[in-house]
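Student: sequence plus the predicted model coming up.
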Amino acid sequence: MIRFVYAEDLRAFPVLAESMFRDRAEQFGARLGWDVDINEYGWERDEYDALNPLYIIWQDARGRHGGSMRVMPTLGRTMINEHFTHLTGGVAIQSPLIWECTRFCLAPGAPGRVAAGLLMAGLEMGLRFGLDQALGVFDARMPRIYGRLGHSPDVIGSEGAGRDAVSVGLWRITEEALAEIGRRSGIRPDEVAAWFDASFSAPALPEARVA
Amino acid sequence: MAREQAKVHREKLELTLERLGTTTSIDDLQVWAHELRDQLAVSHVIYHTANLRGEQVGAFTYGIDWVRHYIAKNYRAIDPVVLGALKRFHPMDWKSLDWSGAQARAMMREATAAGLGNQGWSVPIWGPSGEFAMFSVNHHATDAEWEAYTRDHAKDILLIAHLVHQRARRIISGEGEPPSAELSPREREVLARLSFGESRARVADGLHISENTLRAYIDSARHKLGAMNVTHAVALATARGIIVPNGALPKY
């Protein structure tokens, strides 16, 4: 299943959080060789993890991390606006309708439906909240994966060549994209909606709710 | 027919948003809130700041008695909507919040008696100088009706929330307009091309960028200028000398 968890609520999911930050170290540090900080516990964390971002996390049957991404509004501090504007045409992209998605990570050996589930969860969230596009930074192997899943980003800019390339891109948030990824992956949209509701809805009270 | 109605509705909302640009005082904003409420066809709309210049500023359609009661009881300290928004950045359905506390339930009963609806949707707003504000829509509706409403209106409400906040900031600070230096050369070029009538497709083509990238640049420029829509963004950029009417970029 997929959970949407704010950073400050991660303490309620210690196994999930620990396996996520360790898998990030494995992917971004060991596999991709990015210049990332890995702490004494083997966790990959950066300054944006300290700003209470929202994580979208696939939790496997053992309660561990299967894949994840990190979400932040572009009206606040973001990684792309602070470190990657040379790949956005020099534009600090700031809009209430655009949120940033970074640190897209898959656990070693994660099944194919994890990546599809994460993309669908991101789209479901965007549709519910009224977002228009997601802005992301990703490595060279990702465009092919996203394409196979049925939702390729528009690349704004890239640097580096071959396996070392890093790109910034945009995904439109549409019902059609959600349906297409669902069709290819076999994950039902109502399943994704249920994940969203489980994270964002407290049990309703019988009385009127007013503030 | 439905499409025609949607178009008329859209145009009316645009006019309401244009009138937001003419408000010059919090009292104006208060009057405007009533127009917005009617336009959105809901029971109430509420905007309030938490820490702009230390004092609370608001524009709302709630009855003044309820607002006085809310302040007198210091409900801000226990209101699940405020407490939820302070720790979050996503738009929140009031149903998703924690109403289990005795004080929260008491507030809820009193609010209902004061004429507030049973449903709500709140957008937390974190401003550039760290200030916090909220824009909320309140309505009388069943859960199913409310879900359909928020799905249809989430994007409009998100945009409106930030436009109202930008307007309120300017009113409170007494600043005329925000500095134009924030716009990058790319954003200025996009607005300049749109200003002399190029279609979006043509602008994207001319700049060798995708239409989605163009869309992000336009959204970004629109937000930075505090503009209601693209036409307004072009007009503001021209008026402030950020772009010049013949399409050339100013030399700075």
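Tutor: Good, I have the coordinates. Numbering: from 1, shown residues only, chains lettered A, B, ... in the order given.

Student: tell me which strands and helices the helix or strand harbouring A:Phe138 is in contact with?
Tutor: If you go by DSSP states H and E, A:Phe138 is part of strand A:133-139. In this structure, strand A:133-139 makes packing contacts with helix A:79-83, strand A:98-106, strand A:166-172, helix B:211-225, judged by 3 or more C-beta pairs under 8 Å, 6 or more residues apart in numbering or on different chains; DSSP states H and E. In this view, the C-beta of every residue, glycine as well, is placed from N, C-alpha and C.

Student: could these go into TSV alongside distance to A:Glu26, mean neighbour count and mean pLDDT?
Tutor: Below are the helices and strands packed on strand A:133-139 laid out as TSV (distance: least, C-beta to C-beta, whole Å; neighbours: other C-beta atoms under 10 Å in any protein chain shown; pLDDT from 0 to 100):
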stretch	distance to A:Glu26	mean neighbour count	mean pLDDT
helix A:79-83	20	17	96
strand A:98-106	9	24	97
strand A:166-172	18	21	96
helix B:211-225	31	23	96
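
Student: measure how buried whichever residue of the stretch 101-250 of chain B sits closest to chain A is and give me the count.
Tutor: Nearest residue of the stretch 101-250 of chain B to chain A, counting by C-beta to the nearest C-beta: B:Ala154, 3.0 Å away. Each residue near B:Ala154 was counted by other C-beta atoms under 10 Å in any protein chain shown, and the total is 20.

Student: ok, now the one 5 residues further on?
Tutor: The number of residues packed near B:Leu159 is 23, by other C-beta under 10 Å.

Student: next: the one 10 residues further on.
Tutor: Neighbouring residues of B:Arg169 were enumerated by other C-beta under 10 Å; the total is 21.

Student: and A:Asp164, by the same measure?
Tutor: Using other C-beta under 10 Å: A:Asp164 sits among 12 other residues.

Student: try the one 10 residues further on
Tutor: The local packing count at A:Thr174 equals 15, with neighbours defined by other C-beta under 10 Å.

Student: how about it, what does it touch?
Tutor: A:123, A:127 (C-beta atoms under 8 Å, 6 or more residues apart in numbering or on different chains).

Student: any idea how far it lies from A:Leu123?
Tutor: Distance of A:Thr174 to A:Leu123, given as C-beta to C-beta, to the nearest Å: 8 Å.

Student: could you do A:Val114 as well?
Tutor: Taking C-beta to C-beta, one finds A:Val114 at 15 Å from A:Leu123.

Student: what's near enough to touch B:Leu214?
Tutor: Contacts for B:Leu214 (C-beta under 8 Å, 6+ apart) come out as B:190, B:200, B:203-204, B:207.

Student: can you rerun that using 10 Å?
Tutor: By C-beta atoms under 10 Å, 6 or more residues apart in numbering or on different chains, the residues touching B:Leu214 are A:154, B:186, B:190, B:193-194, B:200-201, B:203-205, B:207.

Student: what strand or helix carries the most centrally placed residue in chain A?
Tutor: Geometric centre of chain A, nearest residue: A:Met69, 2.4 Å, by C-alpha atoms, centre = their mean. Secondary structure assignment for A:Met69, by DSSP H and E: strand A:65-73.

Student: just how off-centre is that strand within its chain?
Tutor: Relative to its chain's centre, strand A:65-73 lies at 3 Å (C-alpha atoms, centre = their mean, to the nearest Å).

Student: also stretch A:6-13?
Tutor: Worked out by C-alpha atoms, centre = their mean, stretch A:6-13 lies 16 Å from the chain centre.

Student: is that stretch up against chain B anywhere?
Tutor: Yes: using C-beta under 10 Å from any C-beta of the partner chain, stretch A:6-13 reaches chain B at A:6, A:8-9.

Student: rewinding a little: helices and strands around the strand holding A:Met69, which ones?
Tutor: If you count contacts as 3 or more C-beta pairs under 10 Å, 6 or more residues apart in numbering or on different chains; DSSP states H and E, strand A:65-73 packs onto strand A:2-6, helix A:14-24, strand A:54-59, helix A:79-83, strand A:98-106, helix A:112-129, strand A:133-139.

Student: isn't the residue nearest to the centre of chain A up against A:Met142?
Tutor: No: using C-beta atoms under 10 Å, A:Met69 is not in contact with A:Met142, being 11.2 Å away.

Student: need the overlap of contacts for these two.
Tutor: Common neighbours of A:Met69 and A:Met142 (C-beta under 10 Å, 6+ apart) are A:104, A:115, A:136.

Student: re earlier: common neighbours of A:Thr174 and A:Leu123, please.
Tutor: Common neighbours of A:Thr174 and A:Leu123 (C-beta under 10 Å, 6+ apart) are A:151, A:180.

Student: close to chain A, is the lowest-mean-pLDDT helix or strand in chain B?
Tutor: Ranking every helix and strand in chain B by mean pLDDT, DSSP states H and E puts helix B:2-20 at the bottom, with a mean of 87. No: using C-beta under 10 Å from any C-beta, helix B:2-20 stays clear of chain A, with a minimum separation of 13.9 Å.

Student: what are the buried residues along that helix?
Tutor: Buried positions in helix B:2-20, judged by neighbour count with 16 or more other C-beta atoms under 10 Å in any protein chain shown: B:13, B:16-17, B:20.

Student: again with stretch A:38-50
Tutor: Within stretch A:38-50, judged by 16+ other C-beta under 10 Å, the buried ones are A:38, A:43-46, A:48-49.

Student: where in the chain is pLDDT low?
Tutor: Unless you meant another one, I'm taking chain A. A:202-211 (pLDDT under 70).

Student: that answer is for a different chain, and I need it for chain B
Tutor: The low-confidence ranges in chain B, as defined by pLDDT under 70, are B:1, B:51-55, B:176-181, B:245-252.

Student: next secondary structure after the longest helix belonging to it?
Tutor: For chain B, the helix with the greatest residue count under DSSP state H is helix B:143-173. For helix B:143-173, the succeeding helix or strand toward the C-terminus, using DSSP H and E, is helix B:185-195.

Student: got the angle for the next helix or strand after that next one vs helix B:185-195?
Tutor: Remark: after helix B:185-195, the chain's next helix or strand is helix B:200-207, criterion DSSP H and E. Using axes from the mean of the first three to the mean of the last three C-alpha atoms, to 10 degrees, the direction of helix B:200-207 lies 140 degrees away from that of helix B:185-195.

Student: returning to that earlier point: make TSV out of the helices and strands packed on strand A:65-73 and add distance to A:Ala161.
Tutor: Below are the helices and strands packed on strand A:65-73 laid out as TSV (distance: least, C-beta to C-beta, whole Å):
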stretch	distance to A:Ala161
strand A:2-6	34
helix A:14-24	24
strand A:54-59	30
helix A:79-83	20
strand A:98-106	21
helix A:112-129	24
strand A:133-139	12
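
Student: for B:Ile171, which of these is the nearest?
Tutor: strand A:98-106 (26.3 Å; C-beta to C-beta).

Student: how far is stretch B:122-135 from where the chain is centred?
Tutor: 10 Å.

Student: what's the answer for stretch B:8-20, then?
Tutor: The chain centroid and the centroid of stretch B:8-20 are separated by 13 Å under C-alpha atoms, centre = their mean.
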